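Enquirer: generate coordinates for the sequence data below:
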Amino acid sequence: MKQSGYNEKIGIFYTAIAYVMWGVLPLYWKLLDERSAAEILAHRIVWSFVFMMGLLLVTQQMKRCREQFLEMMKQPKLAIGVITSACCISVNWFIYIWAVNHEHIVETSLGYYINPLVSVVLGMVVLKERLNIWQWISFGLAFVGVCIITFQYGKFPWIALSLALSFGFYGLAKKLATFDSAIGLTFETMIVTPLSLVYLIFLYGHDNTFLSISIWQAIWLIGAGPATALPLLYFAKGAKRISLTMVGFLQYIAPTLSLLFGVFLFHESFTKTHVYAFSCIWGALVIFSLAKTKRMQDFHHKLIRRSSFEG
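Expert: Below you'll find the model as predicted:
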């Protein structure tokens, strides 16, 4: 019993650390706001791959990595899953970096608040999962929140929804290729590393962009590898020790930190419209999280039995 409680505490610690690291990432990308989003993305991919290969060597997982690579080559479904997840996470990273360095941190936080609800909808549409009444209500509230921003500003919140959709599809693709977390991330970055290297060679060979990189910028670009990989690894270590409900509560740490940085540190606008929209989405997330509790599920089953009896 004591061991179980200890494991849960360790799981909460690792998972919370992962979400805190994701939450402070805007501060990291702001250090590189003089570089283009495509350049930062290319470095992020390359150095993530280098870091993961080094980690596999140190932790003596190269043999298992080779075995799973051969397994992936024999099963097209696994290869498709890795390629799809690599593309989705690359798109997500690019949009996020671009948005942070163009003063859209508040909208990125909105995207990651919406993401759990997008994942539910994808599960319903693609995996034929069924929603209970509380999940339908939470989805409806989030939809109202998005509509408020859209109609008030007269523009579609494409950054928020692109981030939510790309990360949602990333999670869906991961279900097709269930590798170990470290090996999976290695494969994903391996897929897009050649393209990233070609882009960097073309970029630095075409003009004098390389010469404009300072020593500190070079350090930050190389550090993008560990900054990307470490929270993913901490998350993998923590999430397997705690319940999915606890993971659901902890995942709001990251967008909350991003929102606070955007409003109070970088002075992005947060109007009444944002308050109304975010309130709808926060309410949706509370209902969504509570929908997994036994009391709410029991209430849902009672409603179903009552409607069946009345029918």
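
Enquirer: so where's the stretch 101-250 of the chain uncertain?
Expert: Under the criterion of pLDDT under 70, the regions of the stretch 101-250 of the chain flagged as low confidence span 153-154, 207-208, 244-245, 248.

Enquirer: my guess is residue 81 contacts residue 170. True?
Expert: No: at 10.6 Å, residue 81 does not count as touching residue 170 under the criterion of C-beta atoms under 8 Å. Placement of C-beta: from N, CA and C, glycine included.

Enquirer: return the distance of stretch 274-293 from the chain's centre.
Expert: Chain-centre distance of stretch 274-293: 18 Å, with C-alpha atoms, centre = their mean, to the nearest Å.

Enquirer: and it, what's buried?
Expert: Neighbour-count burial for stretch 274-293, counted by 16 or more other C-beta atoms under 10 Å, picks out 274, 277-278, 280-285, 287-292.

Enquirer: do the same with stretch 30-37
Expert: Buried residues in stretch 30-37, defined by neighbour count with 16+ other C-beta under 10 Å: 32, 35, 37.

Enquirer: ok, so of these, who is nearest residue 229?
Expert: Proximity to residue 229 was ranked across the buried residues of stretch 30-37 by C-beta to C-beta; first place goes to residue 32, at 17.3 Å.

Enquirer: output stretch 150-164 in PDB with nothing but the alpha carbons.
Expert: C-alpha atoms of stretch 150-164 as PDB (Å, rounded to 0.1, in the frame of the first residue of the first chain):
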ATOM      1  CA  THR A 150     -14.500  34.100 -34.000                       C
ATOM      2  CA  PHE A 151     -17.600  36.400 -34.200                       C
ATOM      3  CA  GLN A 152     -16.200  39.100 -31.900                       C
ATOM      4  CA  TYR A 153     -12.900  39.500 -33.800                       C
ATOM      5  CA  GLY A 154     -14.300  38.500 -37.200                       C
ATOM      6  CA  LYS A 155     -11.500  36.100 -37.700                       C
ATOM      7  CA  PHE A 156     -11.100  32.400 -37.200                       C
ATOM      8  CA  PRO A 157      -8.800  31.400 -34.300                       C
ATOM      9  CA  TRP A 158      -6.700  29.300 -36.700                       C
ATOM     10  CA  ILE A 159      -3.600  29.200 -34.400                       C
ATOM     11  CA  ALA A 160      -5.500  27.700 -31.500                       C
ATOM     12  CA  LEU A 161      -7.400  25.200 -33.600                       C
ATOM     13  CA  SER A 162      -4.400  24.200 -35.700                       C
ATOM     14  CA  LEU A 163      -2.400  23.500 -32.500                       C
ATOM     15  CA  ALA A 164      -5.300  21.500 -31.000                       C
END
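
Enquirer: just the buried positions in that stretch, please.
Expert: By 16+ other C-beta under 10 Å, the buried positions in stretch 150-164 come out as 157, 159-164.

Enquirer: out of the buried residues of stretch 274-293, name the ones that lie in helices.
Expert: The subset of the buried residues of stretch 274-293 located in helices under the criterion DSSP state H comprises 274, 277-278, 280-285, 287-290.

Enquirer: okay if I get those residues as TSV plus distance to residue 121?
Expert: Written out in TSV, the entries for these read as follows (distance: C-beta to C-beta, whole Å):
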residue	distance to residue 121
274	23
277	18
278	20
280	16
281	14
282	18
283	17
284	12
285	14
287	15
288	12
289	16
290	19
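
Enquirer: take these and write them to TSV, including distance to residue 95 and pLDDT.
Expert: As requested, those are exported to TSV (distance: C-beta to C-beta, whole Å; pLDDT from 0 to 100):
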residue	distance to residue 95	pLDDT
274	20	85
277	19	87
278	20	87
280	23	89
281	19	84
282	23	87
283	26	88
284	22	84
285	21	80
287	27	82
288	23	76
289	26	72
290	30	75
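
Enquirer: so which two of those residues are the farthest from each other?
Expert: Longest span within these, C-beta to C-beta: 274 and 290, 24.0 Å.
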